[in-house]
Each structure stands twice: as C-alpha cells, then as structure tokens.
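Enquirer: give me the fold of what follows.
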Amino acid sequence: MPDTPAGLEARSGDAVIMVGTTKGAFLFRSGAARDEWEMDGPHFPGEEVYAIALDQRAGRRRMWAAPGSAFYGTTLRSSDDLGATWSGKEARSVKFPEASDLSLARIWQIRPGRDSEPEHMFLGVEPTCLFESTDGGDTWAPVDGFLKHEHRPKWTPGAGGLCMHTILPDPSSEARMVVAFSTGGVYRTDDGGATWRPRNHGVRAEFLPDKHPEFGQCVHKVVHHPSRPERLFLQNHWGLYRSDNWGDSWQDIANGVPSDFGFAMAMHPHDADSVYIVPLEGDFFRCTPEAKLRVYRTRDGGASWEALSRGLPQENAYETVLRDALDTDGAETAGVYFGTRSGKVYASADEGASWTLVRDGLPPVVCVKAATLA
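Expert: Purely as a prediction, here's the structure:
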C-alpha cells in the first residue's frame, strides 16, 4: 500500500467498493469478475467516515465522503478522479442557520437525487435534518419544512445519535420523498418538502410504554426499488416490516429469521422482491446470533427468508454489521458487500450464494457503498 493514496485506476465495468471506517476511508477495485481486489487508502486517515457515495449521473464519476473528527468537525469532500485528489475542507460548507441554535455533529447519508435532476443532492445529518443542494453539491441549505417541524422538540436521540440515515426520493414524482431517522421513525412529504407527516402505523417501539406511537420509533434502515418505489422494507430496533403504500401502513415480515433485530438492509438492484439483511442477537448483545455470520435474503417480498453463509465463518463469529455497512452493486449478476465492526469486508459476486473475504484488519467499518462503473 502506498504511503499516500493514489486513487483507483478503474475503467467501465469495474466494480468499486467504498468503505468508511472510524479511522478513514478505503477504496477497492476489481474487474467485472469481482474475484481479486485492489485497495487504495486510507483516505482521511484518523477521521471517521460514516457517509460515502458515488454519483454517476450526467456522465460524471464523482465520489463524495463526509470525514469528521472531534477536533475539526465534519466536512463534505468530493473527488472527480476516484480518490486521487479531494476537494478542500472548506470547499463545501454544511451548516445550520445560526437562528436554529443547532450545530452539525455528523453527516450520516449522502444521497444523489433523481436521475432527472442531475444537480440535485441530499444529505441526512445529525441532529436530524435533511439538507438539499440544487447546484451539484456546491452549496447546501436545510429543508425548511423539516428543520422547523413541530415535532422536533420531542425527537430524542438513539444510542447512535439523533441521525437521519435514510433518504428515498420518489423517482416518478419530485413532490414525494420518504426519510427515516433514529429515533423518530419514518416521515413522508408529498409537497416537495414543505410539510412532513409521520408514517409509522404498525411499527412498534418496543422500548417505549406506548408500543405504537405516532412517531418515536427507532427505525434503523429503509430501502425500496426504483421500479416499485411505493413498496418499502424497514429494519427496526426489533422488527422487520414492509409497506406497499409509501408507509401509510406496515406489516410484519419477520418470518424465519433468527432475530428481528438488526441494523443493515440492502435492496437487490434488479429485483423489487429481493432484500438482504444481517440479523443481530438483540439490543443488549449486538452480535450475530449463535456466533454465526449469516446474511439473510428474501426473494418474495418478506414472505420467507434464507440464510446465506457459504464462505462466512460459522463459529466464534461475534460480528456486528451497522446500518450502512451492507450494499449491492448494479451488475447484471448482482454483487453484495458488507463490512463488520471488527474490520472485515466481505464480497459476493453471485448475489449472496457464496462469499469471499476482501480485507481483514481495517478499523471498525461503519459504511459500505458499492457500484459498477458506468
């Protein structure tokens, strides 16, 4: 590994894994076969990177990362050469208005907008808020309807903070979007962000006296497929759910999983019925059940789940996979990737049927994003 990261030398069709850790970001590249991986990093050594993304809209290959530290705060950085160079710390400032009395603690999510709006981007931050850019990320402002939401004084942080971790724009409507945060649950706008309403009917809050409040659920992740965006899948702090109506109601789909507690959830890139999760034992022992590292997949919208474990350790694997540390790429035969808090990164080139260890010995992994280069 070079002393200074050189960026990825990649071409169209290559697979890329972007890994955020508590001590920097690491980039991996492989050919279309996804059988051998080259590593580049660490980028931003010593800084936590909870959010990372690749924007390939409008012919660009722009990486985004949100490194942060207790001393220098959180910054938003970009690279147009796959990590060879990054924008400066002050190039893109993300700040709350002074009148809000809020201060940015961490960026949890970097979300490119709809394909029809190539300059539109979103950030999910802590304390929970949605930021928006309409100029390709050069300038940012909080979405006023969310910043000033009447529920804000009642939102409380989860163990990881009061963080917005899910941003799901409707690809067919600029007016509709779903966001989720801990602990507040799912909120939806139908008027372009002017107003937001909680959408948690059927999702329980096991840790509250009232198990089914209007809001306050500790949602860990929500995903959907662009071909069927109204169908949402939700991993809760205790609970697996599906909604077929943009969150108006939720039904339990925890059928055949060892635990309905977990953080990570990822959508298959081509199949609106296929979702991946990594269950954990529970909130007081956040490790894989039975010390077996298994990814679970449904192919029927949550009616049933199957364990995917070939190539993964099935003894003494006390592993934890966090909410954004599981992802899929866009290859025809989908690749699936995840990282653990013990610093391991695993990859599957066959939709989860078998797994290989990409790298061991990294700092704790908090974010994994994958893509096939267009």
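Enquirer: does Tyr187 really touch Val179, like I thought?
Expert: Yes. Tyr187 lies in contact with Val179 (C-beta atoms under 8 Å); the separation is 5.5 Å. In short, each C-beta sits where N, CA and C put it, glycine included.
Enquirer: what pairs with the spatially most central residue of the chain across the strands?
Expert: For the chain, the residue whose C-alpha lies nearest the mean C-alpha position (C-alpha atoms, centre = their mean) is Asp324; its distance is 3.5 Å. Note on Asp324: beta-bridge partners by DSSP bridges are Cys367.
Enquirer: verify the stated contact: it with His165.
Expert: Yes. Between Asp324 and His165 there is a contact at 6.7 Å, judged by C-beta under 8 Å.
Enquirer: who touches both of the two?
Expert: Taking C-beta atoms under 8 Å, 6 or more residues apart in numbering as the criterion, Asp324 and His165 both touch 108-109, 221.
Enquirer: what about Ala6, how many residues nearby?
Expert: A count of neighbours around Ala6, defined by other C-beta atoms under 10 Å, yields 15.
Enquirer: mind listing what it touches?
Expert: Contact analysis of Ala6 by C-beta under 8 Å, 6+ apart lists 40, 83-84.
Enquirer: apply 10 Å and report the result again.
Expert: Residues near Ala6 by C-beta atoms under 10 Å, 6 or more residues apart in numbering: 27, 40-41, 81-84.
Enquirer: kindly report the same for Val366.
Expert: 19-22, 48-52, 108, 160, 322-325, 339, 341.
Enquirer: among the residues you listed, which are in strands?
Expert: 19-21, 48-52, 108, 339 (DSSP state E).
Enquirer: from Pro42, how far off is Leu362?
Expert: 9 Å (C-beta to C-beta, to the nearest Å).
Enquirer: overlap in contacts of those two?
Expert: What both Leu362 and Pro42 touch, as defined by C-beta under 10 Å, 6+ apart, is the set 19, 21, 23-24, 26.
Enquirer: is it correct that Gly185 falls within a strand?
Expert: Yes. Using DSSP: H, G, I helix; E, B strand; the rest coil, the assignment for Gly185 is a strand.
Enquirer: now it: closest residue in space that isn't a chain neighbour?
Expert: Spatially, and ignoring its direct neighbours in sequence, Gly185 is nearest to Gln217 (3.7 Å; C-beta to C-beta, 6 or more residues apart in numbering).
Enquirer: my guess is that neighbour meets Gln235, correct?
Expert: No. At 11.5 Å, Gln217 does not count as touching Gln235 under the criterion of C-beta atoms under 10 Å.
Enquirer: so the residue with the largest distance to the centre of the chain, which state does it fall into?
Expert: For the chain, the residue at maximal distance from the C-alpha centroid (C-alpha atoms, centre = their mean) is Ala99, at 29.8 Å. At Ala99 the chain is in helix, as set by three-state DSSP.
Enquirer: tell me the contacts of Ala205?
Expert: By C-beta under 10 Å, 6+ apart, the contact set of Ala205 is 183, 185, 211-213, 215-219, 236-239.
Enquirer: scan those residues and report the most crowded one.
Expert: Ranked by the number of neighbours (other C-beta under 10 Å), the contacts of Ala205 place Gln217 first, at 31 neighbours.
Enquirer: show me what that residue bridges to in the sheet.
Expert: Applying DSSP bridges, one finds that Gln217 bridges with Gly184.
Enquirer: relative to His237, how far out is it?
Expert: Gln217 sits 8 Å away from His237, going by C-beta to C-beta.
Enquirer: equivalent analysis for Val222, please.
Expert: Distance of Val222 to His237, given as C-beta to C-beta: 13 Å.
Enquirer: next one: Ile253
Expert: From Ile253 to His237 the distance is 16 Å (C-beta to C-beta).
Enquirer: tell me who's in contact with the closest residue to Gly256 other than its chain neighbours.
Expert: Leaving aside its chain neighbours, Gly256 sits nearest to Trp305 (4.8 Å; criterion: C-beta to C-beta, 6+ apart). Trp305 sits next to 240, 253-258, 275-277, 279, 296-299 when contact means C-beta under 10 Å, 6+ apart.
Enquirer: of these, buried ones?
Expert: Buried members of the contacts of Trp305, scored by 16 or more other C-beta atoms under 10 Å, are 240, 253-254, 257-258, 275-277, 279, 296-298.
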